[in-house]
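>>> have a look; sequence and predicted model below, questions after that.
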Amino acid sequence: MALALEDRLAITELVSLHGHLVDDGSLGRLAEVFTSDVVYDLTDFGQEPLNGLLAVREAAWALGAANPVAHHVTNVVVTASPDGLVRVRSKGLGIRADGTCGSVSYEDTVVRTAEGWRISHRKVSVRRAPLGGMTRSD
């Protein structure tokens, strides 16, 4: 499946929109980013995956002041698979109120809906070691 340039741009903007909405506290607009049945996989943080848009919203509200004050997304790579799925890999930097930051990798599956592209599955992986934890002997 080939993706038109317009689709690639729309998908890249979709991934970027998430940070703006969360940082602005516009959690009521997350349906502009995610499908209603999204799976938001936080197992790398020791949590169960969140199932559904409402669960994603509630988790963000529950985190409260522990949420980063700024989400930055970079290194976005959009790949269309022969099976018709569209996958997106990106890097995220979260800046906390105390000035510390953390790095994650996002692995998304996006689908075209009547409203446009939406993320139907997101896996968030914490970056804890340089070079993906690999050593020279690997």
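That came through fine. Just so it is clear, the model here is predicted, and its values are computed rather than measured. Numbering: from 1, shown residues only.

>>> just for this protein, where's the confidence low?
1, 138 (pLDDT under 70).

>>> just give me the longest helix of it.
In the chain, with assignment by DSSP state H, the single longest helix is helix 5-24.

>>> and that one, which residues are buried?
Along helix 5-24, the positions that meet the burial threshold by neighbour count (16 or more other C-beta atoms under 10 Å) are 7-8, 10-12, 14-19, 21-23. Bear in mind the C-beta positions are built from the backbone N, C-alpha and C, glycine included.

>>> okay, now residue 112: neighbour count?
Residue 112 is surrounded by 12 other residues when neighbours are defined as other C-beta atoms under 10 Å.

>>> coming back round to it: got the buried residues of helix 5-24 as TSV, with distance to residue 54 columns?
Written out in TSV, the entries for these read as follows (distance: C-beta to C-beta, whole Å):
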residue	distance to residue 54
7	28
8	30
10	25
11	24
12	26
14	20
15	21
16	23
17	19
18	16
19	20
21	15
22	15
23	20
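
>>> tell me the first helix or strand C-terminal of the longest strand belonging to the chain.
Longest strand in the chain, counting residues (DSSP state E): strand 101-113. Note on strand 101-113: by DSSP states H and E, the next helix or strand toward the C-terminus is strand 116-126.

>>> quick check, central residue of the protein?
Among the residues of the chain, residue 106 comes closest to the average C-alpha position under C-alpha atoms, centre = their mean, at 5.0 Å.

>>> thought it was touching residue 124?
Yes: under the criterion of C-beta atoms under 8 Å, residue 106 makes contact with residue 124 at 6.0 Å.

>>> what do these two both touch?
residue 92 (C-beta atoms under 8 Å, 6 or more residues apart in numbering).

>>> ok, the residue lying closest to residue 18 once chain neighbours are set aside - contacts?
Once flanking residues are discounted, residue 18 sits nearest to residue 33: 4.9 Å by C-beta to C-beta, 6 or more residues apart in numbering. Listed by C-beta under 8 Å, 6+ apart, the contact partners of residue 33 are 14, 17-18, 21, 118-119.

>>> no further queries at this time; thank you.
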